[in-house]
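**Student:** Next comes the sequence, and after it the predicted model I'd like to discuss.
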Amino acid sequence: MSLNSKKTNPGTRRTRERELILDAVMGEHGHFSAEELALGLARRGGDVSRATIYRTLDLLVDRGTLQRVPLDEGGCRYELSRERKPHAHLYCLACGRLSDYHVKELETVLRRVGRSGFRTEHLLLRVCGYCPRCAKARPRACRQLLAGRRSGKATPNQREAMAWAR
């Protein structure tokens, strides 16, 4: 992927900042946010404004280089669209971790959809729940919640657990 001149990509200027962003994006493995990308660029000495990062990410989504993965709280993460097999995203409601889960049956579904004449651009399937680490911690938080409710006196840790368990 390249951010070429106006001649090949009308309305797009090839700038040092966009090339820095593109290099950083192409080096990503997994899901990343615009903020994580900005922090990584800053660590490498890249002086790029947040506005340029967001505009360039939008451009890369429009061109099909990136896929935007919306999150429940209104934000989003990005992933490279490289010839990847269809997959679901597992989203942890506690820690926000997003991971891929490959489901070979999704390929069959997409083939059937294609035969119907529908042209699929991309597939977004997100399964929400708790990752193994958070699922293991969750029963403890619930016990603390119940203990605080029964006694009528919640400790700071119990108040935190109550907020977390909601």
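**Tutor:** Yep, that arrived.

**Student:** When you work out contacts or count neighbours from here on, use the C-alpha atoms and nothing else.
**Tutor:** Fine.

**Student:** can you give me the helices for the chain?
**Tutor:** Using DSSP state H, the helices of the chain run over 16-26, 34-43, 50-62, 105-115, 132-151, 156-165.

**Student:** where among these is the average confidence lowest?
**Tutor:** Comparing mean pLDDT over the helices of the chain, the weakest stretch is helix 156-165, at a mean of 47.

**Student:** I'd assumed G46 was in contact with L20.
**Tutor:** Yes - because the distance of 7.1 Å satisfies CA atoms under 8 Å, L20 is recorded as touching G46.

**Student:** center of this protein - which residue?
**Tutor:** Residue closest to the mean C-alpha point of the chain, counted by CA atoms, centre = their mean, is R77 at 2.6 Å.

**Student:** For L71, see how far away the residue nearest to that one when sequence neighbours are not counted is.
**Tutor:** Ranked by CA to CA, 6 or more residues apart in numbering and with sequence neighbours excluded, the top spatial neighbour of R77 is S33, at 4.5 Å. Taking CA to CA, to the nearest Å as the criterion, S33 is separated from L71 by 11 Å.

**Student:** what do these two both touch?
**Tutor:** Common contacts of S33 and L71 (CA atoms under 8 Å, 6 or more residues apart in numbering): R77.

**Student:** More neighbours: those two, which one.
**Tutor:** Taking other CA atoms under 10 Å, S33 and L71 do not tie; S33 has more neighbours (16 against 13).

**Student:** Who are the contact partners of the nearest residue to E79 once chain neighbours are set aside?
**Tutor:** Using CA to CA, 6+ apart and skipping the chain neighbours, the partner closest in space to E79 is H31 (4.9 Å). Contact partners of H31, counting by CA under 8 Å, 6+ apart, are 77-79, 98-99.

**Student:** at 7 Å instead, please
**Tutor:** Taking CA atoms under 7 Å, 6 or more residues apart in numbering as the definition of contact, the neighbours of H31 are 77-79, 98.

**Student:** From E107, how far off is it?
**Tutor:** Note on H31: its distance to E107, by CA to CA, is 21 Å.

**Student:** do G46 as well
**Tutor:** Taking CA to CA as the measure, G46 falls 39 Å from E107.

**Student:** cool, C128 as well?
**Tutor:** Between C128 and E107 the distance, using CA to CA, works out to 21 Å.

**Student:** Format the contacts of H31 as a markdown table; extra columns: distance to G40.
**Tutor:** Formatted as a markdown table, the contacts of H31 follow (distance: CA to CA, whole Å):
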| residue | distance to G40 |
| --- | --- |
| R77 | 15 |
| Y78 | 15 |
| E79 | 16 |
| L98 | 19 |
